[in-house]
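In: I'd like to go over a predicted model; first the sequence, then the structure.
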Amino acid sequence: MVALAGVLEFISGFVPFLEMPQGGRVTFAAMVPIFYVAFRRGPRVGIIAGVAFGLVVLVEEPFIYNPIQFLLDYPLAFGALGLSGFFRKLPWPSMPVIGVAVGIGCRFISHFISGLVFFASFAPAGMDPATYSAIYNAWYLVPELIISEIVMLILVRRGILQLYL
């Protein structure tokens, strides 16, 4: 699933208008395989898969300015996707909706902190660094949330992802 997520992330890199200048992009549901692992195997395995996916993204889209920024933007941010596994016992459709929202929300928080601390200098003159970081990260993570929610709901509703085997 990590490999599938990496391929979806890689393919998304060929659409340049979906990519942000200091990292981050809207993908073709690249996080869905990680959510599937988290829902199927639980948060521990989901977090491990998320960290592995973060390292794949690091190879595909490296933006490293500081060791702490590296940790916040790659292993911690993508590992946070696995937190969705805590919601795997919820009934459908709550499980994919809440789980995906929590996973991407926690990823947003990690990127937001990184942006606030390490990328504040990119904020336009007169703009608060917190506002800049929130807007910058929401610009690609909100579409990612919508895409991931829709794809997960379709896959679960159609029975394609048999989450409880």
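Out: In hand now; what should we look at?

In: from the chain's centre, how far out does stretch 18-27 sit?
Out: Counting by CA atoms, centre = their mean, to the nearest Å, stretch 18-27 is centred 12 Å from the centre of its parent chain.

In: show the end-to-end separation of it, please.
Out: 8 Å (CA to CA, to the nearest Å).

In: one more: stretch 87-101?
Out: Terminal residues of stretch 87-101 lie 11 Å apart, using CA to CA.

In: and that stretch, average pLDDT?
Out: Stretch 87-101 shows a mean pLDDT of 88.

In: list the contacts of that stretch.
Out: Identification of contacts with stretch 87-101 by CB atoms under 8 Å, 6 or more residues apart in numbering yields 31, 35, 38-40, 42, 84-86, 102, 145, 148-149, 152-153, 156-157, 163. (C-beta placed from N, C-alpha, C; glycine too.)

In: try it again at 10 Å.
Out: Residues outside stretch 87-101 that contact it (CB atoms under 10 Å, 6 or more residues apart in numbering) are 31-32, 35-36, 38-43, 46, 81, 83-86, 102-103, 144-157, 161, 163-164.

In: report the buried residues of that stretch.
Out: F87, R88, M95, P96, V97, G99, V100 (16 or more other CB atoms under 10 Å).

In: and which of those residues is nearest to F14?
Out: The shortest gap between F14 and any of the buried residues of stretch 87-101 belongs to V100, at 24.6 Å (CB to CB).

In: host element of that closest one?
Out: helix 94-118 (DSSP states H and E).

In: skip ahead from that helix and say which helix or strand is next.
Out: Using DSSP H and E, the helix or strand that follows helix 94-118 towards the C-terminus is helix 129-157.
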